[in-house]
Structure formats: C-alpha cells, structure tokens
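>>> Build the 3D model from these lines:
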Amino acid sequence: MDWAAFAERMGSLRSDGSEHCNSLLAYAALEQLVGDDAIDTAVDQIVDNAPGRLLATYALVRLVSLRASERAYRIYQEATDNRAYWAVWLIVEMHHPRAFAWVSQILTDPEIAIAVLGMDLLDALLSSPEVVEVESLDVESILAQAERDPRQELSKRVKSSRILLQPEPDSQRDVTYLAEYLKARGDG
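Below you'll find the model as predicted:
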C-alpha cells in the first residue's frame, strides 16, 4: 500500500510535505481500509440481531464509523420494529460526533427505551473529549428539551448530564466525582 498517496488522499499529508492527523481523520482512514460493504453488512447484522453481531459491534465501536452511524440513523428513521432500538443503541455505542445532531430527534421518540438511549448518546458524546469538543456543542438546548419532557425517565437524567459538563477532576479515578454522577443518574 502506498501510504503517502493514501495520506494525501485522506488530507493528512499536505502539499508542502507537512502532516497532521487527529482521531476523526484516523477513523475515516480506517473506514476507507475496511470498505463500505463490510461496514454496511456489520450494521445490518447488529440491527437484525443476527449471528456475528457481537464481533460486528466490537469492530464498529473501535472504528467510530461515520458511514455506520449514518446507516444506523437511516435504519432508525425507517424502522417500525425493534430494529429502531438496535440502530440507536449502535449509534450510542459508536458515538460518532455527527450523532450529536440526532440527539434531539431521538429524545422525542415515543418509545421511552429509545428516548432514554438519546440521553445515553448525549452522555457518551459529553464524556468523549477525544472525539468531541464539548464547547462547540449546543448542549443546553438539548438538556432543556429533556428537562421539559413529561417522561420522568428523561428529565431525571438531566442532572447527571450536567455533571459531565463540569471541569474534569484532577484524577480520572476521583471517586467523589464518579459517585455524584452515578447518584444523579440514578445508578448509585
């Protein structure tokens, strides 16, 4: 494989010979290497709950595939069965930054289990600074939307999501911080 040509095509190698890369560019490169067909069939295996779905899930989660996220989102929009749930579940697991634009719609889903996955998606995006720059997102409008929702399962999650917006503790193992988040979420 000609990595220089590939890096140039991906936008990592500039015309002046300098290089740059970040996680999203690396994920896009991996996506190109894996190929569209493999990504599409992996999404289908997962949302159809078919044999091979576990490996497909692990692969797509590591890949953080934009293509897989968009395919899962299309399936969610078109499905009228449990495929909608599994499509959103996959979107949460991958939490590609593009999925932030879908959180509001997912929160309005009439199926509470899917709407709650919308809050899971928001939390996953907020706790993934490698992939998402939280400062660039309009999180407050989504939190206000969830707060106004009459379904308690959504509104009670707002406090825990707001905790994720606070500056990170000095240590990732800060037990107090984790305990406060879990308590606010209702898990602790």
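
>>> in the helix or strand hosting Ala56, what's buried?
Per DSSP states H and E, Ala56 falls inside helix 53-63. Buried residues in helix 53-63, counted by 16 or more other C-beta atoms under 10 Å: 53, 56-57, 59-60, 63. For glycine as for every other residue, the C-beta is placed from the backbone atoms N, C-alpha and C.

>>> What lies in contact with the lengthiest helix in the chain?
Criterion DSSP state H: the longest helix present in the chain is helix 112-126. Here helix 112-126 makes contact (C-beta atoms under 8 Å, 6 or more residues apart in numbering) with 76, 84-85, 88-89, 91-92, 95, 97, 99-100, 102-104, 106-109, 131-132, 134, 137, 139, 142-143, 146, 149, 151, 153-154, 157, 160-161, 164-165.

>>> Restrict these to the buried ones and give me that as a ChimeraX selection.
Remark: buried members of these, expressed as a ChimeraX selection using 16+ other C-beta under 10 Å:
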select :76,84,85,88,89,91,92,95,97,99,100,102,103,106,107,109,131,132,137,139,142,143,146,149,154,157,160,161,164
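
>>> Give me the phi and psi for Glu19.
Reported as degrees, to the nearest 10, the phi and psi values for Glu19 are phi -130, psi 150.

>>> quick one, what contacts it?
7, 12-13.

>>> So which of the residues you listed are in helices?
Short answer: the contacts of Glu19 in helices (DSSP H) are Ala7.

>>> can you give me the helices for this protein?
3-10, 23-34, 36-47, 53-63, 66-78, 82-94, 103-107, 112-126, 139-148, 152-155, 158-165, 175-185.

>>> what would these look like in TSV with distance to Gly17?
Converted to TSV, the helices of the chain look like this (distance: least, C-beta to C-beta, whole Å):
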stretch	distance to Gly17
helix 3-10	10
helix 23-34	17
helix 36-47	31
helix 53-63	29
helix 66-78	28
helix 82-94	33
helix 103-107	40
helix 112-126	35
helix 139-148	39
helix 152-155	51
helix 158-165	40
helix 175-185	44
